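K.L.:
quick one, what's the 3D model for this:
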Amino acid sequence: MKDQAIRALRQLYQSNPVLAITGWFHWILAGVLMLAAQVDSRTILGINPWIKPIKFSISIAIYVWTLAWYLRYLSGRRRAVGIISWGVAGCMTAEIVGITLQSARGVPSHFNIATPLDAALFSVMGAMIGINTVMLIWVCVLFFVDHPDLPAAYLQGVRFGLLLFLLASFEGVFMVIHGSHTVGAADGGAGLPFVNWSRQHGDLRVAHFAGMHALQALPLAGYWMGRSGRPEAAQVSYMAGLFFLYLAGMALL
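P.N.:
Predicted coordinates:
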C-alpha cells in the first residue's frame, strides 16, 4: 500500500508538477497551522482562529491533487491543461493567503467588510473563486467534448463529479449574496467539531461541502463500478442513477 501511494504521488508530480507542488504546499501549511492552533488562545466567532485556514488548506490540497489526477486524461490538451493548472494554483494560493492573513489579524475572512482592508481582501478572495470556477467550467467542457479513453462508468463519474462541484461552487455565490452561511441566525454559535456546522440553525456549508466532494465520490464510484463486471450499459445507467440520487441529497441538505 505504501509503495502504491509513493508511485501515485510520483506519477502525480510527473504529470502535473504545478498542482502537485501546490498540494504539498497546502498540506505543509495545514501542519504548521495545526501547531499554531495549540498555542493561540484567541477565538473568531467562538472558535480558534486557525481552524478555518486549516480546513481550507486540507480541502484545497485534496482538490488540486484530484484535479491534477483528472487532467492527466486530457492528453491532447497540453496548452489548456497548463493554463488551467497555473490558474487554479494561483487562485487557491491567493485564497489561502487571504484566509490565513485574516486569521492572523483575528478577524473573519468571509463576509467581512468592516474596514476597507477587510472588504478588499474579501473581494480578492471572491474574484479568485470566480476565476477558479471558470477554470473548472473549462475542464468540464473538455471532458464532455474530448471523450477521453476511459472506462465508461469512470468517465461518467468524472463528468458528474465536475457538474456537482460546479453546482456547489454557484451555491457559494448565494452565500455571498446572503451575507453569511448560517440560515436563521448570525454566523457563529454552537457547531459540530472542527467543521463547525451549526447545530441550532440551517447552514449552507453542508450542501456546499457535499457538492465539492462529489468531485472525489462519484469518480471513485465510477471506478469501482467499472471493475464490477456488469455490462457497460448497466454501469452507465447505475452512474446516472447515482448522480440524481446525490443531487437529491444535496437538495435535501
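
K.L.:
elements contacting the least confident helix or strand in the chain by mean pLDDT?
P.N.:
Lowest by mean pLDDT, DSSP states H and E among the helices and strands of the chain is strand 182-183, with a mean of 82. With contacts defined as 3 or more C-beta pairs under 8 Å, 6 or more residues apart in numbering; DSSP states H and E, strand 182-183 has these neighbours: strand 202-203. For the C-beta atoms, the positions are set from N, CA and C on the backbone; glycine is no exception.

K.L.:
go ahead and confirm residue 85 touches residue 12.
P.N.:
No - counting by C-beta atoms under 8 Å, residue 85 does not reach residue 12; the two are 11.9 Å apart.

K.L.:
between those two, which contacts overlap?
P.N.:
Common neighbours of residue 85 and residue 12, using C-beta atoms under 8 Å, 6 or more residues apart in numbering, are 19, 68.

K.L.:
the least confident helix or strand of the chain pairs with which strands, and in what direction?
P.N.:
Strand pairing for strand 182-183, using DSSP bridges, gives strand 202-203 (antiparallel).

K.L.:
after the strand it pairs with, next one along is what?
P.N.:
Per DSSP states H and E, strand 202-203 leads on to helix 205-212 as the next helix or strand towards the C-terminus.

K.L.:
what about that following helix, average pLDDT?
P.N.:
Mean pLDDT, helix 205-212: 91.

K.L.:
by contact count, what packs against it?
P.N.:
When contacts are defined as 3+ C-beta pairs under 8 Å, 6+ apart, helix 205-212 sits against helix 152-178, helix 232-252.

K.L.:
same thing but 10 Å
P.N.:
Packing contacts for helix 205-212, counted by 3 or more C-beta pairs under 10 Å, 6 or more residues apart in numbering; DSSP states H and E, involve helix 51-71, helix 152-178, helix 232-252.

K.L.:
mean pLDDT lowest for which of these?
P.N.:
helix 152-178 (a mean of 90).

K.L.:
please identify the buried residues of stretch 216-230?
P.N.:
216, 217, 218, 219, 221, 222, 225, 226 (16 or more other C-beta atoms under 10 Å).

K.L.:
wait, what's in contact with the fourth one?
P.N.:
By C-beta atoms under 10 Å, 6 or more residues apart in numbering, the contact list for residue 219 reads 66, 69-70, 150, 153-162, 239.

K.L.:
so residue 22 sits against residue 94, correct?
P.N.:
No - contact criterion C-beta atoms under 10 Å: residue 22 and residue 94 do not qualify, at 11.4 Å.

K.L.:
who's more crowded, the two?
P.N.:
residue 22 (26 against 17; other C-beta atoms under 10 Å).

K.L.:
can you give me the pLDDT of the nearest residue to residue 157 once chain neighbours are set aside?
P.N.:
Nearest residue to residue 157, sequence neighbours excluded (C-beta to C-beta, 6 or more residues apart in numbering): residue 222, at 2.4 Å. You'll see residue 222 listed with a pLDDT of 96.

K.L.:
doesn't residue 222 belong to a strand?
P.N.:
No - Residue 222 is assigned helix when assessed by DSSP: H, G, I helix; E, B strand; the rest coil, not a strand.

K.L.:
quick one: it and residue 149, what's the gap?
P.N.:
As defined by C-beta to C-beta, to the nearest Å, residue 222 lies at a distance of 15 Å from residue 149.
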